[in-house]
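1. Sequence first, predicted model second:
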Amino acid sequence: MAIITPTRRTIPGPPALPLLGWRANMFKLFGDPFRYLRWLHDTYGDVVALAQGDPSWVCAFGPELNFRLLANPELFEVSAEPFQKVLLKDTAITRLGAHSLQMMKGEHHKQQRRLIQPALHKQQVVRYDNDMVALTQSMLDSWQGRSEIDLYREMKQLTRRIVVKLLFGLDDEVELDHISMLMERMGQALLVALIAPINMPGTPYHRALHTAERLEVALRSLIAHKRSEIEATDLLAVLIQAHDEDGTKLSDDELLSHTFTLFGAGHETTTNALTWTIFLLNQHPQSFSDLLDGTLHGNPPTGEQVQHLTLLDGVVKESLRLLPPAVFGRRNTTASCELGSFVLPKGAAVIYSEFVTHRLPELYEEPDRFKPERWAALRRTAYEYLPFSAGQHRCIGAEFAIQEIKMVLATLLQRYRLSVMPGARIATNLAMRPVHGVPMHVFPQDRRFQRVPVRGGIHNLIELA
């Protein structure tokens, strides 16, 4: 690939501390990524080194550079660096979690996406609408007689049950909750494997391995059972039946890894999105009122009806714009190349930010305000609005997640009015989870919408007044 001669040779950026280099500024990035990324962009421009003049770690901001990074996976590849040590070990944790990272590159990645895609196609997703509504109504039934809930915890339990139900088609409540619990613990096990993989009795890693082994046994049993079912339509059954043009099908090991990956992707992202969307509606009474005027007047929603609720679509898009599932992503250069007006070496780490892109005033007027109505006329490209990333590695379950969010909201908001507790401390962490939960009062839907003042870091991200 030809290298374009740069017009400037020194990449601007904050100064590095002696000996620590860019690492000192990495602490600032992880300490307050929202403020620090915006400061980097406002201060230094679209291409910024984490340490002035050092091209080994850089940030690239804006839709043009998003396109450069995300539409060229051969040059800017997904990094599995944090998982390399885990990948070297043959354990249940590896087979369930980190194994899927080996499928991120090249033709194998493309083939795997072709095989998974049918299970998440729009025509398949609409088959799951009734289960989404039924599980949501079951949760709402459990709220009767309750005056207070932690919204994040409730949404987490709901989305966990939905994704397990749709993945495996489980009808037995005990089995559904058992698999859900193991899946949840497995997510924690993978984190333990990355931080402290010390396999001794009594250690967190030893317990994590035990959880992973139990989950592997349960999932392999489900896979074997599904292979004998002809009429099943759940996600696992569709994945089992999928085949490529040459007849290639997913192996049991691949199915094992993909089901866990789909659980994580369809569970965490949707939990956060539902939590923040309901919170934002609570803080914007007029938007809440307008949305309810355009919903289904007490009737359970269908997928087809939800597609015509344009304001609901705007509410979901605006929530994902302000608080996207990821604050930033990373790509690694596979060769020396040009980015903006600079040259990067092979192996450079490049950070792009969905969060910063969504706050650019040239793309979004009053970017820190929640304005769902903007989407009635606004059209943005996949590199200007990218809550699920973009390009070849865009989240394969994005449409599934959006449909689930809409079905849950259309069911819940007609039945209950949730009001955040006055003075509640609301803040989010790097993973977009509310760090203190979101405590809510529960009322029947009486349409008494009002904004309740809250405290916390959310005020640094969104103009709520």
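-> Arrived safely.
2. just so I have it, where are all the strands in the stretch 251-400 of the chain?
-> For the stretch 251-400 of the chain, strands defined by DSSP state E, counting those that start in this stretch occupy the ranges 329-333, 337-339, 342-344, 349-352.
3. Show me this protein divided up by domain.
-> Split into domains by automatic domain parsing, the chain comes to 1-104+330-372, 112-169+232-325+387-465.
4. Quick one, which of these gets closest to Lys226.
-> Lys226 lies closest to domain 112-169+232-325+387-465 among the domains of the chain, at 5.2 Å (CB to CB). Heads up, the C-betas are built off the backbone N, CA and C, glycines and all.
5. Off-centre distance for that closest one?
-> Centroid separation between domain 112-169+232-325+387-465 and its chain, computed with CA atoms, centre = their mean, to the nearest Å, is 11 Å.
6. Where does pLDDT dip in the stretch 51-200 of the chain?
-> Scanning the stretch 51-200 of the chain with the threshold set as pLDDT under 70 gives 80-89, 97-108, 190, 193-194.
7. for it, what spans make up the helices?
-> Here the stretch 51-200 of the chain has its helices, by DSSP state H, counting those that start in this stretch, at 63-70, 84-87, 92-96, 106-116, 122-125, 129-142, 151-168, 173-195.
8. who wins for proximity to Ser257 among these?
-> The closest of those to Ser257 is helix 92-96. By CB to CB, the value is 6.4 Å.
9. So which elements touch that closest one?
-> On a contact count with 3 or more CB pairs under 8 Å, 6 or more residues apart in numbering; DSSP states H and E, helix 92-96 meets helix 84-87, helix 173-195, helix 204-227, helix 252-283.
10. Tell me the bridge partners for Cys337.
-> Beta-bridge pairing of Cys337 under DSSP bridges involves Leu344.
11. Just to check, it is in contact with Gly347?
-> No. Here Cys337 does not reach Gly347: they are 11.1 Å apart, not a contact under CB atoms under 8 Å.
12. Could you point out which of the strands of the stretch 251-400 of the chain sits nearest Met26?
-> Met26 lies closest to strand 349-352 among the strands of the stretch 251-400 of the chain, at 10.0 Å (CB to CB).
13. Quick one: list the elements packing against the closest one.
-> Going by 3+ CB pairs under 8 Å, 6+ apart, strand 349-352 lies up against strand 57-60, helix 63-70, strand 329-333.
14. mind putting the helices and strands packed on helix 92-96 in JSON lines, distance to Asp244 included?
-> Shown next, in JSON lines, are the helices and strands packed on helix 92-96 (distance: least, CB to CB, whole Å):
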{"stretch": "helix 84-87", "distance to Asp244": "25"}
{"stretch": "helix 173-195", "distance to Asp244": "27"}
{"stretch": "helix 204-227", "distance to Asp244": "18"}
{"stretch": "helix 252-283", "distance to Asp244": "12"}
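15. Can I get those helices in a markdown table including mean neighbour count?
-> Shown next, in a markdown table, are the helices and strands packed on helix 92-96 (neighbours: other CB atoms under 10 Å):
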| stretch | mean neighbour count |
| --- | --- |
| helix 84-87 | 14 |
| helix 173-195 | 17 |
| helix 204-227 | 17 |
| helix 252-283 | 23 |
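16. I'd like to know which of these lies nearest to Gly391.
-> Evaluated with CB to CB, the helices and strands packed on helix 92-96 place helix 252-283 nearest to Gly391, the distance being 16.5 Å.
17. ok so, going back, tell me which of the helices and strands packed on helix 92-96 lies nearest to Phe61.
-> When the helices and strands packed on helix 92-96 are compared by CB to CB, helix 252-283 sits nearest Phe61, at 22.8 Å.
18. that older thread, could I get the helices and strands packed on strand 349-352 as CSV with distance to Phe279?
-> Shown next, in CSV, are those (distance: least, CB to CB, whole Å):
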stretch, distance to Phe279
strand 57-60, 29
helix 63-70, 27
strand 329-333, 24
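19. Tell me which of those is the most buried.
-> Of the helices and strands packed on strand 349-352, the one with the most neighbours on average (mean count of other CB atoms under 10 Å) is strand 57-60, at a mean of 24.
20. hmm, who's touching that strand?
-> 11, 13, 22, 26, 37, 40-41, 46-51, 66, 68-69, 328, 339-340, 342, 344, 348-353 (CB atoms under 8 Å, 6 or more residues apart in numbering).
21. Could you do stretch 368-387 as well?
-> 63-64, 66-67, 70-71, 280, 283-284, 287, 291, 310-311, 313-315, 317-322, 324-325, 354, 357-359, 363-365, 390-391, 394, 398, 461-463.
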